[in-house]
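Participant: fold the following, please.
(2 chains)
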Amino acid sequence: MEDQQAIAVRRARYWRRVLRVTGALLGVWLLVTLVGPWFARDLSALQLGGFPLSFWAASQGALLLYLAIVVVYAGVMNRLDARFLQDEAAGDHD
Amino acid sequence: MTEASRRFGRTLHRRYGLYTAGVIVFIGLLGWAERLGWSRAWIGAMFLIATVAVYALIGLLSRTTDEAEYYVAGRRVPAFYNGMATAADWMSAASFIGTAGVLYLQGYAGLAYILGWTGGYCLVALLLAPYLRRFGKFTLPDFIGARYGGRLPRLAAVTAAVIVSFVYVVVQIYGVGLITSHLTGFSFEVGIFVGLGGVLVCSFLGGMRAVTWTQVAQYIVLIIAYLTPVVWLSFNQTGHLVPPVAYGQQLQKVGEMEQRLTDDPKEREVRALLDQRAAQARTKLADVPAAMSEEARQLAEQIQRMKAEDAPLARIQQAERRLQKLPRTEEAARAAYERERDQSLAQAKPLAGMPPQALPFASGNPQGTDAERTAFESSRRNFLALVLCLMMGTAAMPHVLTRYYTTPSVSEARRSVGWSLFFISLLYVAAPALAVMVKYQVFSGLIGTPFDQLPAWIRSWSKLDPSLVSVEDINGDGILQLSELRMGQDVVVLAAPEIGGLPHVITYLVAAGGLAAALSTADGLLLTIANALSHDVYFRVLNPGASAIRRVMLSKVLVLVVAVLAAWLASLRIADILQFVSAAFSLAASAFFPVLTLGIFWRRATWAGAVAAMFSGLGVCIYYMTTNLPWLRHIFGVTRPLADCRWWDIDPMSAGVFGVPVGVAAMVAASLLTPGAAAAGARWLDGVRYPGTQDR
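Facilitator: Below you'll find the predicted structure:
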């Protein structure tokens, strides 16, 4: 049986990583959400494939970034979870 | 992933692959039938009967009384299919019918809905879905009840879930009624109850299991229905088959036409006449009874004169109809004059009141006068407020969050959010494209047409409801100007195939897609309400000894009762779709967002904090709406001037931006004033935060 302290350390380390991943991706999310619309009027002057940049960003660009955020999160977290469970299994066998 | 779940996945792929092929063949057959000369009514009826019958059949085949099957579809739904089901659950009548309409009428401002309804899934993914799945019970109040303990948080959560879902379900059923009456020619009220039958068969018999598998089928119909006209229009207009890339050039052309239409002398003439009309309405409002008799006298005189001059019969009849339709009472006349004043003023603005399609915050100008600068700032602030409200509301909608209970594991739940967002984005990327291409079609094909050669869809839609489409030759030149055409937001998508000159079968396909969107959302919502009442109130609070079968039966009865109640309310036709939906999102965000996220990420959050957060958040939100929404002000007799009730000039629909911070503040204050969670509570939170049995 593994001692309580080792479990606590492992959990704390895991949760720190979760918070770091979540915080970083939330930051990206907030940036994408606020910056595009806030500077929309200024971005209108720029063009992208026939679109004013502001219109393109809010109708397609932001959506792509949102999807990327969710996919990256799922990938990173699923790996983090798998490693946690592995460590736990290894700890139990000690 | 186990071998059994892999086999299950393959079975699903095969079945839904066949189903999709079947849908396409069915559409092709009806297209062929149309060429053979089948009547429109028949094709419409076939679409209605066939789709509702398929949904009902799936519901019938997945009927169940088993508890885990009924509440969470046995937790066997793979990420890919849960993504599709969530997308159908999510995209309501408002998304399907309303979004492109708002983009058509309001341009850039409509993109707030696109951003809000997709970006919200980042919050769902990062803050909620995996933790809810790891908790692994049945409902949202379950989670709140387990996290905070005690009855009050659970009951508060039930109350909020029922309010939010009920507001939202009424809107869906309204959409069902609108589309069914359009498909079949039944009256609106009959349409509601026919559509309701389709909803009920499904959620009544099989609960979450039936709803899930029907929603997947409904997603397939709705996405085919939405993308077909968009791709078709894009090919017709630009020769490209990929609308998101192709409509850039259409957007440019629309911009050039807008410039031309703003300066066009005929348009200016009509706008001046509309301004005069608004001024006249104002004079009439000063003395209503005199204006009423004067109006009747003038019309009668005009008819006499026209008869004497041998004017065309159509114009005489038009005048006679106007005479008959004059309001009888003073109250009705006042309302009519007020409507005339407001509509004329709105229509008298350049481009019939539509801002230039691609210009953000067009109501103001950052380099202009003080008033223009203020308008610009307020418009930008309101845009962001609406976006944030819709996002936080997304991460608080009970019917969507419960969907993440149904995946086999936590990692599948995370992947499933990705699939949900992907399937939702397919529609939301297409919506602005559709709006721009419809606008191009209207500007290039419709404006400038002589009145006696107007296409048939204008007549048929304005006959159904004049607020959807109406035309009037204001300057009497016999030619349609943009300022003489008024289009409602709900008609843009439903009439898009007719506007673009596509075959009728596509028109009915779009209607069937809208029906699928409304039905799937209504299903999910009804189930959420019924489960909250039967599981959280009856079982958890009133009668903890009740057997599982009894609970499931009670839930079924409640689905029936709630559905009939909602249908009755919807038949009163209260307000326009998108407004109500935004209100539901603000309410959901204020009630749930602080409790759910802080409950997971802040260990110190307590029972008292949760109750304080839910009541104060919801309270502030409802207070702001009551003091700012005209019809609520009227009901509650609020007399304080509207300007004093505004906070930072934020629209009442976005009241969630006040509700959420107040909820968070109340949560923090009340939690710090009460003792922290006991050891049992801390252990429970560990179970939700750290991977365990639900992750394998």
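
Participant: which residues of the stretch 151-300 of chain B lie near chain A?
Facilitator: With CB under 8 Å from any CB of the partner chain as the criterion, the stretch 151-300 of chain B comes near chain A at residues B:244-245, B:248-249, B:251-252. The way it works is simple: take the backbone N, C-alpha and C, and place the C-beta from them, glycine included.

Participant: closest point of chain A to chain B, which residue?
Facilitator: Evaluated by CB to the nearest CB, chain A has A:Gly50 as its residue closest to chain B, separated by 2.7 Å.

Participant: anything in the strand or helix carrying B:Arg134 near chain A?
Facilitator: Taking DSSP states H and E as the criterion, B:Arg134 maps to helix B:129-135. Yes. Using CB under 8 Å from any CB, a contact is recorded between helix B:129-135 and chain A, made by B:Pro130.

Participant: residues making contact with that helix?
Facilitator: Taking contacts as CB atoms under 8 Å, 6 or more residues apart in numbering or on different chains, the residues outside helix B:129-135 that touch it are A:77, B:140, B:142-143, B:146, B:401, B:404-405, B:407, B:409-410, B:412-414, B:416-417, B:600, B:687-689, B:691-692, B:694-695.

Participant: the strands in chain A, which residues?
Facilitator: For chain A, the strands defined by DSSP state E occupy A:47-48, A:51-52.

Participant: er, the stretch 451-600 of chain B actually
Facilitator: Secondary structure of the stretch 451-600 of chain B (DSSP state E, counting those that start in this stretch): strands located at B:469-471, B:485-487.

Participant: in space, not sequence, find me the middle residue of the chain.
Facilitator: As the question left the chain open, I've gone with chain A. Residue closest to the average C-alpha location in chain A (CA atoms, centre = their mean): A:Leu25, at 3.1 Å.

Participant: wrong chain, I was asking about chain B
Facilitator: So for chain B, CA atoms, centre = their mean, it's B:Ala94, sitting 1.9 Å from the centre.

Participant: once you drop chain neighbours, what's closest to the residue in the stretch 101-250 of chain B that chain A sits nearest to?
Facilitator: Taking CB to the nearest CB, chain A has its nearest neighbour within the stretch 101-250 of chain B at B:Gly248, 2.7 Å off. The spatial neighbour of B:Gly248 that comes closest, neighbours along the chain excluded (CB to CB, 6 or more residues apart in numbering or on different chains), is A:Gly50 at 2.7 Å.

Participant: whichever helix or strand comes after the helix holding B:Arg134 - contacts with which helices or strands?
Facilitator: Of the helices and strands lying after helix B:129-135 in sequence (DSSP H and E), the nearest is helix B:140-148. Packed against helix B:140-148, as judged by 3 or more CB pairs under 8 Å, 6 or more residues apart in numbering or on different chains; DSSP states H and E, are the following elements: helix B:129-135, helix B:151-184, helix B:577-601, helix B:607-628, helix B:679-689.

Participant: one more time with 10 Å, if that's ok
Facilitator: Here helix B:140-148 touches helix B:129-135, helix B:151-184, helix B:398-401, helix B:504-531, helix B:577-601, helix B:607-628, helix B:679-689, going by 3 or more CB pairs under 10 Å, 6 or more residues apart in numbering or on different chains; DSSP states H and E.

Participant: buried residues in the fourth one, which are they?
Facilitator: Within helix B:504-531, the residues that count as buried by 16 or more other CB atoms under 10 Å in any protein chain shown are B:504-531.

Participant: okay, the angle between that helix and helix B:140-148?
Facilitator: 40 degrees (axes from the mean of the first three to the mean of the last three CA atoms, to 10 degrees).

Participant: again, but for the second one
Facilitator: Angle of helix B:151-184 versus helix B:140-148, following the same axes, to 10 degrees, is 160 degrees.

Participant: circling back: tally of neighbours for the residue nearest to B:Gly248?
Facilitator: The tally of other residues near A:Gly50 (other CB atoms under 10 Å in any protein chain shown) stands at 15.

Participant: list phi and psi for it.
Facilitator: In terms of degrees, to the nearest 10, the main-chain angles of A:Gly50 are phi 90, psi -20.

Participant: what does the pLDDT read for it?
Facilitator: Note on A:Gly50: pLDDT of 75.

Participant: so how do I select the buried members of the contacts of helix B:129-135 in PyMOL?
Facilitator: Typed into PyMOL, the next command selects the buried ones out of the contacts of helix B:129-135 (criterion: 16+ other CB under 10 Å):
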select buried, (chain A and resi 77) or (chain B and resi 140+142+143+146+401+404+405+407+409+410+412+413+414+416+417+600+688+689+691+692+694+695)
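
Participant: pretty sure B:Arg271 sits against B:Gln347.
Facilitator: Yes. Between B:Arg271 and B:Gln347 there is a contact under CB atoms under 10 Å: 8.1 Å.

Participant: so for the two, which residues contact both of them?
Facilitator: When contacts are counted by CB atoms under 10 Å, 6 or more residues apart in numbering or on different chains, the set common to B:Arg271 and B:Gln347 consists of B:474, B:482-483.

Participant: most neighbours among the residues you listed, which one?
Facilitator: For the shared contacts of B:Arg271 and B:Gln347, neighbours were counted by other CB under 10 Å; the highest total belongs to B:Ser483, with 28 neighbours.

Participant: so what's it closest to, chain neighbours aside?
Facilitator: With CB to CB, 6+ apart as the criterion, B:Ser483 has its nearest non-adjacent residue at 4.2 Å, and that residue is B:Val270.

Participant: how much space between that neighbour and chain A?
Facilitator: 28 Å (CB to the nearest CB, to the nearest Å).

Participant: dump the residue contacts of that residue.
Facilitator: Taking CB under 10 Å, 6+ apart, we find B:Val270 in contact with B:264, B:347-348, B:352, B:472-475, B:477, B:481-484.

Participant: can I take it that it is in a helix?
Facilitator: Yes. Assigned with DSSP: H, G, I helix; E, B strand; the rest coil, B:Val270 falls within a helix.

Participant: if we can go back for a sec, would you confirm that the residue nearest to the centre of chain A contacts A:Gly75?
Facilitator: No. No contact is recorded between A:Leu25 and A:Gly75 when judged using CB under 10 Å, the distance being 11.3 Å.

Participant: and for these two, which residues touch both?
Facilitator: Common contacts of A:Leu25 and A:Gly75 (CB under 10 Å, 6+ apart): none found.

Participant: wait, A:Tyr14 touches A:Arg83, no?
Facilitator: Yes. In this structure, A:Tyr14 is within contact of A:Arg83 by CB under 10 Å, at 8.5 Å.

Participant: these two: which has the busier surroundings?
Facilitator: For A:Tyr14 versus A:Arg83, the count of surrounding residues by other CB under 10 Å is larger for A:Tyr14: 19 against 13.

Participant: all set, thanks.
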